[in-house]
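Engineer: dropping a prediction and its sequence here:
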Amino acid sequence: MKLSKKILGSLALACALVVSANAASDKVTWKLATSWGAEFPPFTNSVANMAKMVEEMSGGDFVIKVDAVNKHKSAFGIMDMVKLGQYEMGHTASYYYKGKDPVLLLFTSMPFGMNALEQYAWFYFGGGMELAQKSYEKHGMYSFPGGNTGVQMGGWFRKEIKSLDDLKGLKMRIPGFAGEIFAKLGCAVTNIAPGELFTSLERGTIDALEWVGPGMDVSMGFHKIAPYYYTGWHEPATELQFVVNRAKMDKLSPKNKAILETAMKTAAYDMLIQNYDMSATAWDKIKTEYPNIKIMTFPKPVMDAMKAANEDLVKEESAKSAEFKTVHDSQQAYMKKARAWTNIGEYAYIRDNQ
Ligand code: CA
């Protein structure tokens with residue numbers, strides 16, 4: 001059968017219209033707010049990396065403009081701004097919002113909890129993502145892993161912590177569940193925006209603080225005031241989050257949605273390994289470039305008290321919220337399974353091959 005020229009022409013026109021309609025509907029410009037200053041690697045790199053991938057993969061049709069805290073002035077207001085649609089998405093830490101909804105802190109990192117590998121396995125294969133979406137749904141958002149710091153150091157102190165008495169009355173910046181633990185042990189706990197940490201320590205607003213690890217800490221200069229640097233226990237695998245307004249994400253084309261999800265996942269992985277590299281590099285120079293830093297581990301009675309306080313607090317929160325209990329139970333069950341393998345896999349390898 002031969003189609004007439006007229007019919008072929010109409011078909012071509014119809015196809016062109018469909019293509020242009022699709023192209024038009026795929027053009028999206030979003031805004032993203034972060035909890036960080038403009039130059040805060042690797043946190044800021046993770047976001048810039050994600051936005052760049054989205055733009056490149058979409059051939060320039062999906063653009064995400066990033067506003068750092070210098071612009072929007074609200075380090076801890078990301079969830080509200082995203083919920084209200086002032087920003088389509090944000091990059092922040094879930095545990096900054098424990099006052100709004102305690103269950104959210106479980107999606108960052110828990111004291112004595114999983115390490116980064118175990119936790120990513122939980123998120124992607126152990127039911128963690130489903131639980132996170134459920135917890136974020138009531139806030140009108142989706143949540144996606146946004147980069148992991150790996151194990152964090154226990155923080156910077158002006159004086160050595162020799163016993164539990166040394167914690168009494170200590171003014172410390174420490175967010176998340178660990179903050180609750182220090183409060184239970186007699187510290188005056190506060191959370192301070194990342195951009196104000198050094199000034200707060202210098203002015204004596206706080207006596208001690210924890211931030212991340214050598215890669216991000218030593219350049220901040222904390223050691224000049226608080227040279228006792230403790231090994232970690234409280235944030236074994238701090239995951240940052242991309243939070244996305246639900247209605248806005250639901251309106252994305254399937255293609256843009258796939259691009260966004262792929263870019264977020266890749267950026268999260270990139271941040272984990274960049275953080276690892278930054279800490280390894282900083283640690284390599286710590287003895288020569290920062291000889292006054294004293295590497296310490298909390299004494300056993302202090303660690304035991306922290307563990308006991310952690311267990312009490314988990315019981316209290318679980319009694320108050322079935323949702324908290326469900327997520328925490330899921331993490332504990334997964335950790336039990338994964339840690340048995342970690343012990344005979346990664347840990348035995350390192351232990352036996354030093
Ligand atoms: Ca921290």
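Structural biologist: Sure thing, it's come through. Residues are numbered from 1 along each chain as shown.
Engineer: in the stretch 51-200 of the chain, what residue lies closest to the ion?
Structural biologist: Closest to the ion within the stretch 51-200 of the chain is residue 152: 4.8 Å, counting by C-beta to the ion. Bear in mind the C-beta positions are built from the backbone N, C-alpha and C, glycine included.
Engineer: tell me the spacing between that residue and residue 285.
Structural biologist: Going from residue 152 to residue 285 by C-beta to C-beta, to the nearest Å gives 19 Å.
Engineer: neighbour-wise, which of the two wins?
Structural biologist: Legend: neighbour count by other C-beta atoms under 10 Å for residue 152 and residue 285, higher for residue 152 (24 against 11).
Engineer: spatially nearest residue to the more buried one, not counting backbone neighbours?
Structural biologist: residue 235 (4.0 Å; C-beta to C-beta, 6 or more residues apart in numbering).
Engineer: residue 256 now?
Structural biologist: Here the residue nearest residue 256, using C-beta to C-beta, 6+ apart, is residue 62, at 4.9 Å.
Engineer: sec struct for the one residue sitting closest to the centre of the chain, please.
Structural biologist: The geometric centre of the chain, computed from its C-alpha atoms, lies nearest to residue 240 (C-alpha atoms, centre = their mean), at 1.3 Å. When classified by DSSP: H, G, I helix; E, B strand; the rest coil, residue 240 comes out as strand.
Engineer: does it touch residue 116 like I think?
Structural biologist: No: using C-beta atoms under 8 Å, residue 240 is not in contact with residue 116, being 11.9 Å away.
Engineer: residue 169: what's it in contact with?
Structural biologist: Residues in contact with residue 169 (C-beta atoms under 8 Å, 6 or more residues apart in numbering) are 186-188.
Engineer: residue 92 pairs with what?
Structural biologist: residue 241 (DSSP bridges).
Engineer: ok, it touching residue 35?
Structural biologist: Yes: taking contacts as C-beta under 8 Å, residue 92 lies within contact range of residue 35: 4.3 Å.
Engineer: what touches both of the two?
Structural biologist: In contact with both residue 92 and residue 35: 76, 78, using C-beta under 8 Å, 6+ apart.
Engineer: that older thread, skipping adjacent residues, who's closest to the residue nearest to the centre of the chain in space?
Structural biologist: residue 146 (4.0 Å).
Engineer: and the gap between the one you found and residue 228?
Structural biologist: 31 Å.
Engineer: repeat for residue 354
Structural biologist: 26 Å.
Engineer: skipping adjacent residues, who's closest to residue 82 in space?
Structural biologist: residue 90 (4.6 Å).
Engineer: kindly apply the preceding question to residue 217 instead.
Structural biologist: residue 211 (5.2 Å).
Engineer: before we move on, back to that, what touches both of residue 240 and residue 116?
Structural biologist: Going by C-beta under 8 Å, 6+ apart, residues that sit against residue 240 and also against residue 116 are residue 148.
Engineer: work out for me the element residue 64 sits within.
Structural biologist: Assigned by DSSP states H and E, residue 64 belongs to strand 62-67.
Engineer: my guess is residue 167 contacts residue 182. True?
Structural biologist: Yes: counting by C-beta under 8 Å, residue 182 is a contact partner of residue 167 at 6.9 Å.
Engineer: start to end distance for stretch 104-120?
Structural biologist: 16 Å (C-alpha to C-alpha, to the nearest Å).
Engineer: now the helices for the stretch 201-350 of the chain?
Structural biologist: 214-217, 246-250, 254-289, 300-320, 322-342, 348-352 (DSSP state H, counting those that start in this stretch).
Engineer: just how off-centre is the last one within its chain?
Structural biologist: Using C-alpha atoms, centre = their mean, to the nearest Å, the mean C-alpha position of helix 348-352 is found 29 Å from that of the whole chain.
Engineer: do the longest one as well
Structural biologist: In terms of C-alpha atoms, centre = their mean, the gap separating the centre of helix 254-289 from the centre of its chain is 11 Å.
Engineer: on contacts alone, who are the packing partners of that helix?
Structural biologist: Identification of packing neighbours for helix 254-289 by 3 or more C-beta pairs under 8 Å, 6 or more residues apart in numbering; DSSP states H and E yields helix 43-57, strand 62-67, strand 141-148, helix 214-217, strand 239-245.
Engineer: report the buried residues of the longest one.
Structural biologist: Right, helix 43-57. The neighbour-count check on helix 43-57 (16 or more other C-beta atoms under 10 Å) flags 43-47, 49-51, 53-55, 57 as buried.
Engineer: coming back round to it: and the residue nearest to residue 152, what does it touch?
Structural biologist: 108-109, 111, 149, 151-152, 176, 178, 210.
Engineer: any idea how far the ion is from the nearest residue to residue 216 once chain neighbours are set aside?
Structural biologist: Nearest-residue entry for residue 216: residue 278, 6.8 Å, with adjacent residues in sequence omitted and distances by C-beta to C-beta, 6+ apart. Here residue 278 is placed at a distance of 15 Å from the ion (C-beta to the ion, to the nearest Å).
Engineer: what's the burial count for residue 168?
Structural biologist: Around residue 168 there are 11 residues (other C-beta under 10 Å).
Engineer: pLDDT value on it, please?
Structural biologist: Predicted confidence (pLDDT) for residue 168: 97.
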